[in-house]
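Participant: Just to be clear, the model below is a prediction. Sequence and coordinates:
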Amino acid sequence: MIELPPVVLQVIVNFSIGLIVATSLNIEVGFLGIPQFGRLLAVIAGAIVAAALPGRILAAYLGLPWGAEYAYHLYNFGIVARINDFLASNPAISIGVLILTLVLAAAIGGVIGYLCAYPALRLKEAYLGITLLAFGDLLMNIAWNYDPLVGGTTGVWVVDPFRFVGAGGTRFTFSALFILAVAIVVFIYAELLARSPFGRVLKAVRDAEVAAGVYGKDIVGIRTQTLIIGGAIAATAGALWALFTGSMKAYTYTRLTWTFWPWAFMMLGGTGNNLGVLLGVLLYTVARTAIILYKEALSTVIPISPEWLEYIMIGLVVVAVVLFRPQGIIPEKPTLALPKSRVKAIAESLEKS
């Protein structure tokens, strides 16, 4: 396999993970209008699944310490190293572990989405947003302070199901391309969802909830389904990120990175438009990578540390979008139930009659 340069790998992974999270957010916010400020909750839940479950399952299978009584989190480094050696020589098991991890993460994310539906049915706008935001911080602090879960403040190493393709650049290239493939699948799914009858119902509820209810739409069920779908997709992103990096420390999963940045991606590209979300993620990923690459050169021409540029940039993007182009770079377009050619043909036949 051809090894891609580190810069290219960084762009691919950041873009892919950002696209998955932003797409999940767009389904909830752009399509249905839920003020989802708790995206961190599902993402960190997926990362916890990847960090806590596969390692313990494989450790038990190989006869290694795995339970709380063996302090798995304290001896995690040596245990995961032995597990990775085992996975490197067993491609079939590695692929099975990868699929199982993503399925479990998506399932847990869906459960979290279902639980979030409870306050979503009773709270509106800012109240719901703040509640979901608090839920995300709550789970992060539990993982940060309860050591047996994912190592607390020291974190844990995560098993590497990509090790069977090799080490070093080969491993990172393969895993980056795999994550990109998952992001493409998620994007296609979101596009099909937007064009489906269910997607049109979501937008109808967003634009006129009372009218949708009058026409017999189950508003409670629609909100619940949407939160389950969004939570499952976001948790998958969290699991992929943990598997790619090979480690998990709860405090690195902040609301800035996993909630506010995806919001900025979505607002920049165009809320309710999947193509706009993709463009927003791509533009920001390239800009952020350029800042990281040219830190030294930038430090000679700007009066602040280049490390703060990406934070300033994201704030400026949000403010600029709200002030000058609230619909985003690519505004949302109406989704027709029938192709334009069919609508035109019906209109012509009505005129003739």
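Facilitator: Everything's here; your move.
Participant: pLDDT weak spots in the stretch 1-150 of the chain?
Facilitator: Scanning the stretch 1-150 of the chain for pLDDT under 70 picks out 1, 68-70.
Participant: try 90
Facilitator: Filtered on pLDDT under 90, the stretch 1-150 of the chain yields the residue ranges 1-7, 33-36, 60, 63-78, 116-133, 146-149.
Participant: Where do the helices of it begin and end?
Facilitator: Secondary structure of the stretch 1-150 of the chain by DSSP state H, counting those that start in this stretch: the helices cover 6-25, 39-61, 76-88, 91-122, 125-145, 147-150.
Participant: Could you give the separation of the fifth one from the chain centroid?
Facilitator: From the chain centre to the centre of helix 125-145 is a distance of 16 Å (Cα atoms, centre = their mean, to the nearest Å).
Participant: wait, isn't F86 in contact with L62?
Facilitator: Yes - F86 is within contact range of L62, at 6.3 Å (criterion: Cβ atoms under 8 Å). (C-beta placed from N, C-alpha, C; glycine too.)
Participant: who has more neighbours, the two?
Facilitator: Set F86 next to L62 and count neighbours by other Cβ atoms under 10 Å: F86 wins out with 16 against 12.
Participant: which residues sit in contact with that one?
Facilitator: By Cβ atoms under 8 Å, 6 or more residues apart in numbering, F86 lies in contact with L58, L62, I93.
Participant: With distance to G113 as extra columns, can I get those residues in JSON lines?
Facilitator: Formatted as JSON lines, the contacts of F86 follow (distance: Cβ to Cβ, whole Å):
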{"residue": "L58", "distance to G113": "28"}
{"residue": "L62", "distance to G113": "34"}
{"residue": "I93", "distance to G113": "30"}
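Participant: how close does I312 sit to W263?
Facilitator: Per Cβ to Cβ, to the nearest Å, I312 is found 16 Å from W263.
Participant: likewise F172?
Facilitator: F172 is 28 Å from W263, where distance means Cβ to Cβ.
Participant: before we move on, what about Y189?
Facilitator: 21 Å.
Participant: More neighbours: which of these two?
Facilitator: Neighbours per residue (other Cβ under 10 Å) separate Y189 from W263, with W263 holding more: 19 against 15.
Participant: Looking at per-residue confidence, what score does that one get?
Facilitator: Looking at W263, its pLDDT reads 92.
Participant: which residues touch it?
Facilitator: L25, V29, F37, R39, V318.
Participant: I'd like those residues as JSON lines, with distance to L227 appended.
Facilitator: Shown next, in JSON lines, are these (distance: Cβ to Cβ, whole Å):
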{"residue": "L25", "distance to L227": "12"}
{"residue": "V29", "distance to L227": "11"}
{"residue": "F37", "distance to L227": "13"}
{"residue": "R39", "distance to L227": "11"}
{"residue": "V318", "distance to L227": "24"}
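Participant: quick one: which of those is most hemmed in?
Facilitator: Highest neighbour count within the contacts of W263: R39, with 30 neighbours (other Cβ under 10 Å).
Participant: Just give the closest residue to it, not the sequence neighbours.
Facilitator: Among residues not flanking R39 along the chain, T259 sits closest, at 4.5 Å (Cβ to Cβ, 6 or more residues apart in numbering).
Participant: Next, the contact list for that neighbour, please.
Facilitator: So T259 contacts F37, G38, R39, L40, L133, G136 (Cβ under 8 Å, 6+ apart).
Participant: Now with 10 Å, please.
Facilitator: Going by Cβ atoms under 10 Å, 6 or more residues apart in numbering, T259 touches 21, 25, 36-41, 43, 129, 132-133, 136-137, 234, 253.
Participant: Same check on A88?
Facilitator: By Cβ under 10 Å, 6+ apart, the neighbours of A88 are S94, D160, F162, R163, F164, V165, G166, A167, R171.
Participant: Please tell me how far the fifth one sits from S175.
Facilitator: Look at F164 and S175: by Cβ to Cβ, they are 11 Å apart.
Participant: tell me, what's touching the two both at once?
Facilitator: Contacts common to F164 and S175, judged by Cβ under 10 Å, 6+ apart, are L98.
Participant: So these two - more neighbours on which side?
Facilitator: The residue with more neighbours, out of F164 and S175, is S175; 24 against 19, by other Cβ under 10 Å.
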